[in-house]
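>>> next input, structure requested:
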Amino acid sequence: MVNCQMRETTEDFEQIFFDKIYWFNKLAGELPETNFITDYVRPRLSSGKTQTITFELPSHLSVQVIKLAHASHLSIYIILVSVLNLLLQKYTGSNDIILGSPCYYQHHQSAINNHIVPLRSQLVNHLTCKDLLLQVKDIAIGAYSHQNLSFDDLLKLLNIPKSQNRCPIFDIIVLLKNIHHLDGIDQLKNDLTFSFEVIGNSIQGEITYNSLLFQAETIKILIKYYLGLIASFVNHLDKPISAISVLSTTDEHQILTDFNANTQNFPVEKTLHQLFAEQVSQTPNKIAAFDKQTELTYQQLNDKANQLAQFLQQLGVKPGDFIAIAKQRDVHFLIGILAILKAGAAYVPIDISYPPERINYMLSNSAVKTLLTDSSNIHYLTGIWDNCHQLKSVIVLDRKTHNSISDSNIKFNIYTSLEWENLPQDNLAMQTPGIAPAYMIYTSGSTGLPKGAIIRHGGAINHIYAQFAALELGEELTFLQSAPASSDISVWQFLAPILIGGQTVIVNTETVCHPEKLFQVIQQRKITIVELVPVVLTGLLDYISQLPADQRLLPDLQWMMVTGESASVDLVNRWLEIFPQIKVVNAYGPTEAADDITQFIIDQPLPENQRTVPIGKPLANLNIYILDSQMQPLPIGALGEICVSGFGVGQGYWKNQESTQRNFVPNPFTHTAKPLPGIETDFIYKTGDLGRWLPDGNIEFFGRIDHQVKIRGFRIELGEIEALLSQHPAVRENVVVVREDQPDDKHLVAYIVPQSDDSSLLSEVIPQLRQFLKERLPEYMLPSTFMLMESLPLTPSGKVDRKALPAPDTSSCPLAVNFVPPRTPTEQIVADIWADILRRESVGIDHNFFDLGGHSLLATQVISRLREAFKVDLPLRSLFENPTVKTLVEQIEGILTVRELQAVPVQTAEDREEIEL
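All right, here's what the predicted structure looks like:
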């Protein structure tokens, strides 16, 4: 008897030993998450609150499944698990699926919590349905042959910690009551449990779900698609799983047609400047555009644009040409846009704050022969156009004169307004079609070079008129033009008001980044619509929330648009709490499709546990498709790529056929096509963004498929930064990621493996890299933090494991200068403010604000705090001109000294009447 017990104990020990080896090989390394999207934010602690929805397979389908099981020597359970795997692949886009499965009755009599096995399947697209069945069968046999290890011991083996709100390894359990244990299943904290029972020739099912994560409607839709997929699966066993659709004909019609039923009649055959000229004839004496120094009526704006357009034609500008504008945003910028369009050309906005190398590339790549700028930029630009041999004319939009610039290779003619201000003011006879290019905007490129996205007149007009219709905008429209000219947002901010009889109010960057000034402009200029990126809106709300209730009034504002990047539920609710009568618009769209393609209007606070703010429904004359990797439409709730077709889709990328062909593809859903009139083929633009349909036809956004991000409204290819860093001789490996350690505050972090491990050289690496990137990238693309590492963490497949990258430690990052502590009370106050905003332990008086991770929006917070601390009216540019504590304090003390000498009382915001734009 004793020998028998010893033999059993030895056999059990050996079996557990082999089970450990099996599971370690099966599950070691990075495990996939199911990522079945929840409706609500996951609570920190699991409450155990569940609800159950029952269903039954139609009788004919139950019979089919049972017959298939008998004919193919498979269990019914294997068939049900296989189809569930396929459904989850369709829903999540993941080919690596892990489900939890209880042990069999006959093997263990203990609770399911102690003996449950993971079933891990790999769903590659070339598998047929029959192949998948056999794979799942083999996986199940292997798992059940090694089910002696308790679940707790399995977690210890794999070094996986338990979670307070989620089941480790898998989120979904599937079981067949006829063969599996049920006791203790509620202890696992899993999100969903699919339970089945075979009763005669009937298969009954139920889904038990966490009611704090899912709505009942979501589960009912899931059941509908699951039943449909079972029917499609068992009837097409020899088809590849990629060819098996979840959608019925009715479902597909709803998603492709009903959700895109938005056809409207807009004047897309015309051009932007035609529509402006028509508006001039209706409201010639009404104010059209306003900035800090200039105010023009519709007639004056049209006259000046016509004169400049005539001059452009005299210089040889012809239809289809590109003309660059590189200057600060103001009324003259708008004149330049209209003049270029009237001359039959398309404009290329270039941010004058970009590094010289980037401006040089854009001027050279776009092949512009003419550049519009200001006299104040001439000196800066002379050192930029080394490779711009095609550039012949530089037009200065103010009255100052300059001599020609020449060197051994290049000669430019410089022209000013004196050259054209006496030319005729009549509209030009140029007839430009609506399919002609209107503008080209450069976006970040993964190869290290930006690429120019071309948009047609008709696409831009469709976007503007779709907004007129959606937001019910009319001649009372007073739009705050706040976006950088190099962003697609600026296009409709500049042009929409003057196509409908409204007014464009142009404000400079300092005003946008200064919450007090921004609020004053909105209030005093009676702005009716404002469009801001989340981080700017957050700063504005922080300022407004400190004001007395009677000073917060914005009686003219009708719409607050949030765009550029995802808006949080908290941000939307903060706005509506203060301004319940001013609706919020969450807008979404890529540059390649003429800006916004969807938007979601919010007029009441959202539930606090709602995960995200939807991006809404397609705008007029656009189709949105949520597609899988095979360009097949996905069901409601499934995660896929957001794709768009219709009037707004652009012409592609300038001189980049490879990217154009990859991202702009002919629309396969021809019965839904909405090509811009004059264009034969309707193209789909693949945005590279992830999203899913909601049951009501709205869309939820989930970020990027690749490593592209949006920060402060600018689209950034992380690969572009990584490609540049790879060119530096001190870098062996690198990876750049975006982090959001504070809500609505995204920033870039670069992880660097240096070529040399010489400690004496490491302190020089980061300052060198900062300067290297600063000379090549715009400010918004500069990493705020650099982390030196011995090596980058890798996944089992050899890719960089971005999730394993450590949180940035800003205090340990080497700087270009040594730490010198503050010497005076004033320096201490300034240093403390910097340290607080930059989240650093201390700041020295010689440290550069931007080398510490500062950027323009953080600069506004610093200036605001300094104004409050010292009661001085410090402009934002002060920090850019004096980026160290020492030099900034010198300016502050100079202002304080002058004020004391003049004995002039401090002027408060309430005392100031002038609006600074």
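
>>> from now on I want contacts and neighbour counts done on CA atoms only, so please keep to that.
Will do.

>>> which ones are touching residue 488?
The contact partners of residue 488, taken as Cα atoms under 8 Å, 6 or more residues apart in numbering, are 441, 591, 594, 595.

>>> can I have the buried ones of the residues you listed as a PyMOL selection?
The following PyMOL line selects those of the contacts of residue 488 that are buried, judged by 16 or more other Cα atoms under 10 Å:
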select buried, resi 441+591+594+595
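
>>> arrange the contacts of residue 488 in TSV, one row each, with distance to residue 581, pLDDT and secondary structure as further columns.
Formatted as TSV, these follow (distance: Cα to Cα, whole Å; pLDDT from 0 to 100; DSSP: H, G, I helix; E, B strand; the rest coil):
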residue	distance to residue 581	pLDDT	secondary structure
441	35	98	strand
591	31	95	helix
594	29	97	coil
595	26	94	coil
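
>>> list just the nearest of the contacts of residue 488 to residue 145.
Using Cα to Cα, residue 591 is the member of the contacts of residue 488 that lies nearest residue 145, at 54.6 Å.

>>> which pLDDT value goes with the nearest residue to the closest one once chain neighbours are set aside?
Nearest non-adjacent residue to residue 591, counting by Cα to Cα, 6 or more residues apart in numbering: residue 488, 5.6 Å away. If you check residue 488, the pLDDT there is 95.

>>> gap between residue 488 and residue 507?
As judged by Cα to Cα, to the nearest Å, residue 488 and residue 507 stand 17 Å apart.

>>> same check, this time on residue 41
Residue 41 sits 38 Å away from residue 507, going by Cα to Cα.

>>> so which of the two has more stuff around it?
residue 507 (23 against 14; other Cα atoms under 10 Å).

>>> enumerate every residue touching residue 590.
Here residue 590 is in contact with 596, 597, 687 (criterion: Cα under 8 Å, 6+ apart).

>>> what's the closest of those to residue 875?
Of the contacts of residue 590, the one sitting nearest to residue 875 (Cα to Cα) turns out to be residue 596, at 32.9 Å.

>>> for the closest one, which residues are in contact?
By Cα under 8 Å, 6+ apart, the contact set of residue 596 is 463, 587, 588, 589, 590, 619.

>>> in strands only, show me the residues you listed.
Members of these lying in strands (criterion: DSSP state E): 587, 588.

>>> pull the most distant pair out of the contacts of residue 596.
Across the contacts of residue 596, the longest distance by Cα to Cα is 13.1 Å; it joins 590 and 619.

>>> overlap in contacts of the two?
Common neighbours of residue 590 and residue 619, counting by Cα under 8 Å, 6+ apart, are 596, 597.

>>> from residue 500, how far off is the nearest residue to residue 598 once chain neighbours are set aside?
Distances taken as Cα to Cα, 6+ apart place residue 618 nearest to residue 598, at 4.4 Å, with adjacent residues excluded. Residue 618 sits 22 Å away from residue 500, going by Cα to Cα.

>>> quick one: which of those two has more around it?
residue 618 (26 against 23).

>>> hmm, residue 303 is touching residue 428, no?
No. With contacts counted by Cα atoms under 8 Å, residue 303 stays clear of residue 428, the gap being 10.8 Å.

>>> neighbour count for those two, which is higher?
More neighbours surround residue 303 than the other of residue 303 and residue 428, with 20 against 16 (other Cα under 10 Å).

>>> contacts only, for that one.
By Cα under 8 Å, 6+ apart, residue 303 lies in contact with 425, 426.

>>> distance check, it against residue 423.
Taking Cα to Cα, one finds residue 303 at 10 Å from residue 423.

>>> where along the stretch 551-700 of the chain do the strands fall?
559-562, 583-588, 598-602, 617-618, 622-627, 640-646, 652-653, 664-666, 683-693, 699-704 (DSSP state E, counting those that start in this stretch).

>>> check the stretch 351-500 of the chain too.
Along the stretch 351-500 of the chain, the segments classed as strands by DSSP E, counting those that start in this stretch run 370-373, 393-396, 405-406, 411-415, 437-443, 451-456, 478-481.

>>> contacting residues around the longest one?
Right, the one you point to is strand 437-443. 320, 322, 341, 345-349, 362, 450-457, 460, 486-488, 591, 651, 715-716.

>>> quick one: the strands in the stretch 51-200 of the chain, in order.
Taking DSSP E, counting those that start in this stretch as the criterion, the stretch 51-200 of the chain carries its strands at 96-102, 116-122, 172-176, 192-199.

>>> what residues does the first one touch?
Outside of strand 96-102, the residues within contact range by Cα under 8 Å, 6+ apart are 32-34, 85, 88-89, 112, 115-123, 169-175, 180-182.

>>> residue contacts, residue 676?
268, 435, 458, 459, 646, 647, 648, 682.

>>> follow-up on the earlier one: lowest average pLDDT across the strands of the stretch 551-700 of the chain?
strand 699-704 - the lowest mean pLDDT of these, at a mean of 90.

>>> what's the neighbour count on residue 211?
Look at residue 211: counted by other Cα under 10 Å, it has 18 neighbours.

>>> surely it is in contact with residue 51?
Yes. Under the criterion of Cα under 8 Å, residue 211 makes contact with residue 51 at 6.0 Å.

>>> and for the two, which residues touch both?
With Cα under 8 Å, 6+ apart as the test, residue 211 and residue 51 reach no residue in common.

>>> ok but residue 344 is inside a strand, no?
No. Under DSSP: H, G, I helix; E, B strand; the rest coil, residue 344 sits outside any strand and is assigned coil.

>>> for residue 456, see how far away it is.
Counting by Cα to Cα, the gap from residue 344 to residue 456 is 12 Å.

>>> swap in residue 340?
Applying Cα to Cα to residue 340 and residue 456 gives a distance of 14 Å.

>>> quick one, which of those two is more surrounded?
residue 340 (32 against 27).

>>> so for stretch 648-668, what gets flagged as buried?
Result for stretch 648-668 [16+ other Cα under 10 Å]: buried residues 648, 649, 650, 651, 652, 653, 654, 660, 663, 664, 667.

>>> oh, I was asking about stretch 571-591
So for stretch 571-591, counting by 16+ other Cα under 10 Å, buried means 571-576, 579, 582-591.

>>> what's the answer for stretch 835-847, then?
Quick answer for stretch 835-847 (16+ other Cα under 10 Å): 835, 838, 840, 842, 843, 844, 845, 846, 847.

>>> which of the contacts of residue 676 tops the neighbour count?
residue 648 leads these on contacts (other Cα under 10 Å) with 32 neighbours.

>>> ok, now which ones touch residue 166?
If you count contacts by Cα under 8 Å, 6+ apart, residue 166 has them with 46, 189, 190, 191.

>>> could you dump these into a markdown table and include neighbour count?
Shown next, in a markdown table, are the contacts of residue 166 (neighbours: other Cα atoms under 10 Å):
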| residue | neighbour count |
| --- | --- |
| 46 | 18 |
| 189 | 21 |
| 190 | 23 |
| 191 | 24 |
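
>>> from the residues you listed, which land in helices?
Judged by DSSP state H, the subset of the contacts of residue 166 located in helices is empty.

>>> any chance of TSV for these, columns pLDDT?
What follows is the contacts of residue 166, written out as TSV (pLDDT from 0 to 100):
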residue	pLDDT
46	78
189	86
190	91
191	93
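
>>> out of those, flag the one nearest to residue 335.
For these, the nearest to residue 335 is residue 191 (57.9 Å; Cα to Cα).

>>> what residues does the closest one make contact with?
Going by Cα under 8 Å, 6+ apart, residue 191 touches 166, 167, 171, 172, 209, 210, 213.
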